[in-house]
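Student: Got a sequence here, can you build the structure:
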Amino acid sequence: MMKYITVVDVKNYSLCPMIAYYNNVLHIYERVTETMELGKEIHDEGFLSHLIPKLKAVKVLRNIELTSGRLGLTGKVDYVFVTRFNEYVPADAKWSDPEFGGAQRHHKAQLAAYSILIEEVYRTVVKRAVIYYVRAKKTVEVPITDSLKHQVEEEIRKIYRMIKTGNEPRVRINPKKCGGCNYQVYCKAKTIDRTLKLRMEKVI
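Tutor: This is a model prediction of the structure:
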């Protein structure tokens, strides 16, 4: 039986399919950096006092492990706010900054994946999620739409196809996005390897 993929895999695939490929096909993982450690500390410190009154929450669920057998997906949600209207609102804190004032694309995918799990386990409908960008001190609300959930479910299927076939996904190199990626050394190595092969083919 194949091991279930995680919500983090979905987030990574949404950021760059190559990350999910390195993790799930080649089993290469990035080294833990000081920034990543800081991100863990943020979750420990919390940001609940800011969001509880904003969301009118009556209960906060922490570190909830959820699984969907239908999708083959598992994940641990750091925070789920339950409002006085019995609305479930997943929330996360990120050390990075918002993108054009809104949530970054892969953060949306992560929260949508959590929302799908919450819907299946708690038999509810998740309408929104929240991200608190610590460095910017900005709270961003993410509408959890049907189209966003369908997009995430399609990405889950693509990840499983990639694992099954072992095929490397096609991606465009984006210097701006790739510059701070800890996997770029592998991508650069692949680029160099392909360049050498092309040169050898021309010589032959």
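Student: Give the burial count for residue 169, as a bare number.
Tutor: 16 (other C-beta atoms under 10 Å). The C-beta positions use only the backbone N, C-alpha and C, and glycine is treated the same way.
Student: That one falls within a strand, correct?
Tutor: No: checked against DSSP: H, G, I helix; E, B strand; the rest coil, residue 169 lies outside a strand; its state is coil.
Student: Now it: closest residue in space, sequence neighbours ignored.
Tutor: Leaving aside its sequence neighbours, residue 169 sits nearest to residue 17 (C-beta to C-beta, 6 or more residues apart in numbering; 3.7 Å).
Student: Pretty sure the one you found sits against residue 163.
Tutor: No: using C-beta atoms under 8 Å, residue 17 is not in contact with residue 163; the gap is 11.8 Å.
Student: Count the residues that sit near residue 156.
Tutor: The burial count assigned to residue 156 is 22, neighbours taken as other C-beta under 10 Å.
Student: On the three-state scheme, residue 29 is what?
Tutor: Applying three-state DSSP to residue 29 yields a three-state assignment of coil.
Student: Name the next helix or strand downstream of the lowest-mean-pLDDT helix or strand in the chain, please.
Tutor: Lowest mean confidence among the helices and strands of the chain (mean pLDDT, DSSP states H and E): helix 34-45, at a mean of 51. Counting by DSSP states H and E, the next helix or strand C-terminal to helix 34-45 is helix 48-55.
Student: how about the next helix or strand after that next one: buried residues?
Tutor: Downstream of helix 48-55, the first helix or strand assigned by DSSP H and E is strand 57-68. The neighbour-count check on strand 57-68 (16 or more other C-beta atoms under 10 Å) flags 57, 60, 64, 66, 68 as buried.
Student: and the angle for whatever helix or strand comes next after strand 57-68 with strand 57-68?
Tutor: Sequence order places strand 73-83 as the next helix or strand after strand 57-68, per DSSP H and E. Between the axes of strand 73-83 and strand 57-68, defined by axes from the mean of the first three to the mean of the last three C-alpha atoms, to 10 degrees, the angle is 170 degrees.
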